[in-house]
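*Asks:* using only what follows, build the 3D model:
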Amino acid sequence: MAKKEKPKLKAEKRKITGRKVKKLRQEGVLPANVYGKKVKSCSIKLDLKTFLPVFQEVGETGIVDLNLKGETKMRPVLIHNVQLDPVTDQPLHADFHQVDLKEKVTADIPIEIAGESPAVKEKGGILIQPLTEVEVEALPAELPDQLEVNITGLKEINDAVTVADLKVPKGVKLLTAANQILAKVEPPAEEEEEAPPAEVPSEEAEEKPEEKEEKPEAPAGEKETKAPSEKSQPEEKKAKAKPEKKGPQPKKEK
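*Replies:* Next up is the predicted model:
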């Protein structure tokens with residue numbers, strides 16, 4: 001069986017950095033970096049249209065042959081840290097990790113759920129997936145695209161599948177802790193019963209008495225002790241209070 005040929009990408013070194021790369025993106029050019037062990041990091045640029053199908057094919061675990069303009073030797077790289085536009089989902093930047101095909105590397109491998117859980121289908125359980133990827137170590141060419149976790153054995157509520165249950169290809173070592181849960185069946189959500197309406201006055205009814213509440217009237221005895229106003233004073237006191245008007249005095253005869 002013929003060995004599958006690795007995807008290829010063409011790129012060239014770039015001098016434009018910082019905020020000026022915005023102009024490159026407007027022209028359909030993807031800014032990127034190349035780095036790796038015993039490799040001098042450099043800034044590169046490549047055509048976005050050619051990058052997209054390759055990235056969709058290999059993801060972050062497949063090796064790509066990167067051909068830099070002016071170099072005759074291909075660089076084996078893994079695509080890492082692809083930054084996406086939050087609105088358009090188009091790549092804004094990418095890193096290319098140059099690897100030595102004879103040295104092992106670590107990578108995060110996606111977890112794919114396979115099969116159907118009887119506990120979910122027959123007992124109404126809810127399947128949760130705490131981990132969506134696991135870390136492995138392997139030679140670059142032996143990195144799997146994904147790892148499958150079979151959930152057909154989850155027959156009861158609270159049954160779970162852990163990292164220890166994963167089957168990995170030869171040459172691949174799992175680095176994620178074996179007791180980490182990959183998938184679990186939770187109990188079905190309990191429907192909350194609506195409590196009958198309590199027989200209590202509504203807020204409006206509670207507020208009305210407060211609005212109508214009046215201050216209690218003082219006892220009759222207290223009313224009599226209040227100081228009378230000027231209008232209620234006896235006429236005699238009013239007469240005393242008012243100065244008597246003096247009429248015209250008769251002239252004295254000389």
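
*Asks:* for stretch 148-162, buried residues please.
*Replies:* Val149, Asn150, Ile151, Leu154, Ile157, Asp159, Ala160, Val161, Thr162 (16 or more other C-beta atoms under 10 Å). C-beta here means a position set from N, CA and C on the backbone, and glycine is covered the same way.

*Asks:* element containing Pro53, please.
*Replies:* Pro53 is located in helix 48-58, with elements delineated by DSSP states H and E.

*Asks:* ugh, wrong one, Glu12
*Replies:* Per DSSP H and E: strand 8-13 holds Glu12.

*Asks:* show me what that strand is packed up against.
*Replies:* Helices and strands touching strand 8-13, by 3 or more C-beta pairs under 8 Å, 6 or more residues apart in numbering; DSSP states H and E, are strand 39-47, helix 48-58, strand 63-68.

*Asks:* recalculate using a threshold of 10 Å.
*Replies:* Secondary-structure packing of strand 8-13 (3 or more C-beta pairs under 10 Å, 6 or more residues apart in numbering; DSSP states H and E): strand 29-36, strand 39-47, helix 48-58, strand 63-68, strand 75-84.

*Asks:* want to try CSV for those, with mean neighbour count, mean pLDDT and distance to Lys167 as columns?
*Replies:* As requested, those are exported to CSV (neighbours: other C-beta atoms under 10 Å; pLDDT from 0 to 100; distance: least, C-beta to C-beta, whole Å):
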stretch, mean neighbour count, mean pLDDT, distance to Lys167
strand 29-36, 20, 96, 30
strand 39-47, 15, 95, 34
helix 48-58, 14, 96, 22
strand 63-68, 18, 96, 23
strand 75-84, 17, 95, 23
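
*Asks:* so what's the most centrally placed residue in the chain up against?
*Replies:* Compute the mean C-alpha point of the chain, and by C-alpha atoms, centre = their mean the closest residue is Pro86, 13.2 Å away. Taking C-beta atoms under 10 Å, 6 or more residues apart in numbering, we find Pro86 in contact with Leu92.

*Asks:* any idea how far Pro187 is from it?
*Replies:* 36 Å (C-beta to C-beta, to the nearest Å).

*Asks:* same question, Leu127
*Replies:* 12 Å.

*Asks:* those two: who's more crowded?
*Replies:* Neighbours were counted for Leu127 and for Pro187 using other C-beta atoms under 10 Å; Leu127 has more, 15 against 12.

*Asks:* quick check: that one touching Glu116?
*Replies:* Yes - using C-beta atoms under 10 Å, Leu127 is in contact with Glu116, at 9.2 Å.

*Asks:* what's the overlap in contacts for these two?
*Replies:* Each of Ile151, Leu154 lies in contact with both Leu127 and Glu116 under the rule C-beta under 10 Å, 6+ apart.

*Asks:* torsion angles phi and psi at the closest residue to Asp65 other than its chain neighbours?
*Replies:* Nearest residue to Asp65 in three dimensions, chain neighbours excluded: Met74, at 4.2 Å (C-beta to C-beta, 6 or more residues apart in numbering). Dihedral pair for Met74: phi -70, psi 150, per degrees, to the nearest 10.

*Asks:* which residues sit in contact with Met74?
*Replies:* Residues near Met74 by C-beta under 10 Å, 6+ apart: Lys6, Lys8, Leu9, Val64, Asp65, Leu66, Asn67, Leu68.

*Asks:* need the pLDDT of it.
*Replies:* In this model, Met74 is scored at 95, pLDDT.

*Asks:* can you count the residues close to Ser117?
*Replies:* Neighbour count of Ser117, defined by other C-beta under 10 Å: 24.
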